[in-house]
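Novice: Have a look; sequence and predicted model below, questions after that.
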Amino acid sequence: ETGVTQTPRHLVMGMTNKKSLKCEQHLGHNAMYWYKQSAKKPLELMFVYSLEERVENNSVPSRFSPECPNSSHLFLHLHTLQPEDSALYLCASSQELASQETQYFGPGTRLLVL
Amino acid sequence: AQSVSQHNHHVILSEAASLELGCNYSYGGTVNLFWYVQYPGQHLQLLLKYFSGDPLVKGIKGFEAEFIKSKFSFNLRKPSVQWSDTAEYFCAAKSTGRRALTFGSGTRLQVQP
């Protein structure tokens, strides 16, 4: 149903682990986003990539490292996370400069840091 | 600072009741407005959006929203809810020319059969 897919859907990791989240969009869009959705807090924008270049980084700790190898794929590399980083991580994409630019979301990766 | 406020955190309705969820934004300039829905276990889906023109916007599944510029509001409405409308609803706003969507904290709607 969705043109944006994310893997894995669930992830449990220890604080010393390194893992990566993957996002793929099949909509032909040129911009991709990472959001964090924590319980009882609004969605928070983490990173924005436009034409594969990072254009926004909203004061995210360096333990989160994004990568955008092409316009269809977006990764979020995780290392030495903290328990408070447990959340739902959402990927989105849009067509920048479209007349009615709209972001479309993937199903998210639910991350638990132990 | 740009912000979006949703006044109702949890709403419980019976089937066939009418729904109105409040959303207010604080933005200068031209703003684009959105309502997204997140059904249990599913991804965020776009319900409707406003960019310009007719301030009454119709979306999917019988939802509509009205943009009232003087009140900085974009309330979501549905005349008669169904059990399948049980979900969390998010209002979001974006300034024209900016990339970031700012979300409200969401309203959890529970429709009882």
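Specialist: Cool, the structure landed.
Novice: give me every residue that touches the residue minimising distance to the centre of chain A.
Specialist: By Cα atoms, centre = their mean, the mean C-alpha position of chain A lies nearest to residue A:34, the distance being 2.9 Å. If you count contacts by Cβ atoms under 8 Å, 6 or more residues apart in numbering or on different chains, residue A:34 has them with A:23, A:45-47, A:66, A:74, A:76, A:89-91. Placement of C-beta: from N, CA and C, glycine included.
Novice: out of the residues you listed, which one sits closest to chain B?
Specialist: For those, the closest approach to chain B (Cβ to the nearest Cβ) belongs to residue A:45, at 5.1 Å.
Novice: ok, the helix or strand that closest one falls within: who's next to it in the sheet?
Specialist: Here residue A:45 sits within strand A:44-50, counting by DSSP states H and E. The pairing partners recorded for strand A:44-50 under DSSP bridges are strand A:31-37 (antiparallel), strand A:53-57 (antiparallel).
Novice: List, one by one, the residues from chain B near chain A.
Specialist: B:4, B:32, B:34, B:36, B:42-46, B:49, B:51, B:90, B:92, B:99-106 (Cβ under 8 Å from any Cβ of the partner chain).
Novice: If we use 6 Å, what do you get?
Specialist: The interface of chain B toward chain A, taken as Cβ under 6 Å from any Cβ of the partner chain, is made up of B:43-44, B:49, B:51, B:99-101, B:103, B:105.
Novice: So which of those residues are in strands?
Specialist: Among the residues of chain B next to chain A, the members found in strands (DSSP state E) are B:44, B:49, B:103.
Novice: List the residues that contact the second one.
Specialist: Translated: residue B:49. Residue B:49 makes contacts with A:102, B:34, as judged by Cβ atoms under 6 Å, 6 or more residues apart in numbering or on different chains.
Novice: Could you tell me which residues of chain A lie near chain B?
Specialist: Counting by Cβ under 6 Å from any Cβ, the residues of chain A close to chain B are A:2, A:42-43, A:45, A:48, A:100, A:102-103, A:105-107.
Novice: Are any of the residues you listed buried, and if so which?
Specialist: A:2, A:42-43, A:45, A:48, A:102-103, A:105-107 (16 or more other Cβ atoms under 10 Å in any protein chain shown).
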